[in-house]
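Engineer: Sequence and computational prediction follow.
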Amino acid sequence: MGKFDKYKIDLKGMREDHKQYEFLLDNTYFTHIDGPDVQKGKVTVVLDVKRNSHSFDFTFNTNGIVWVPCDRCLDEMEIPVEATDKLVVKFGREYAEEGDNLIIIPEEEGEINIAWFIYEFIALTLPMKHVHAPGKCNKTMTSKLNKHLRTTADESSEDNFEQAEIESEVEEVEQPIDPRWNDLKKILDNN
């Protein structure tokens, strides 16, 4: 039996018009899926599959907690996950992903493995920045960051982070302009 066999949904053999599945995702699932964002978690996924005349409507209700590394101190932090996602599955000649949520699967296979789709739906609920609440980051790591960012002894850590961002923006603006661009601008001005 493969790692993700329990996530296969047999659509060809589905006799009812509506069927519900429940999956409990634990650390083993996240380790096996080997995704870049989440390595640990406790998530419950309830999947409703409704058969229509030409397609199957999948509704994923996801609820739980995942642990991701903090972008600032690299310690694990807990992020709650709660989402409802939809997927439409149709039979066709070969596998294809069309649009945002339409999947075509080969009719002769008649089944779809949803393990990766579940992971993607979880990853999409995560915020862009994974940062602990103020004061919750690893004290050792933040002191090392402050040591390398500090320009004067009396600056606070938040000032250091903001100052580093401002300095990087200023460096981008102050670079000399390539003289070839001036020649191209002359061509535009003549038109």
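Structural biologist: Arrived safely, thanks for sending. Numbering: from 1, shown residues only.

Engineer: Identify the residue nearest the geometric centre of this protein.
Structural biologist: In the chain, the residue lying closest to the centroid (C-alpha atoms, centre = their mean) is A123, at 2.8 Å.

Engineer: I'd assumed D37 was in contact with that one.
Structural biologist: Yes: counting by C-beta atoms under 8 Å, D37 is a contact partner of A123 at 4.6 Å. Glycine gets a C-beta too; all of them are placed from N, C-alpha and C.

Engineer: re earlier: look at the residue nearest to the centre of the chain and give its secondary structure.
Structural biologist: Under DSSP: H, G, I helix; E, B strand; the rest coil, the three-state class of A123 is helix.

Engineer: swap in D37?
Structural biologist: coil.

Engineer: now it: how far from Y119?
Structural biologist: Going from D37 to Y119 by C-beta to C-beta, to the nearest Å gives 9 Å.

Engineer: Please say which of these two ends up with more neighbours.
Structural biologist: Y119 (20 against 15; other C-beta atoms under 10 Å).

Engineer: Surely that one is within a helix?
Structural biologist: Yes: applying three-state DSSP, one finds Y119 inside a helix.

Engineer: how far away is it from V46?
Structural biologist: 16 Å.

Engineer: Kindly report the same for Y95.
Structural biologist: Applying C-beta to C-beta to Y95 and V46 gives a distance of 25 Å.
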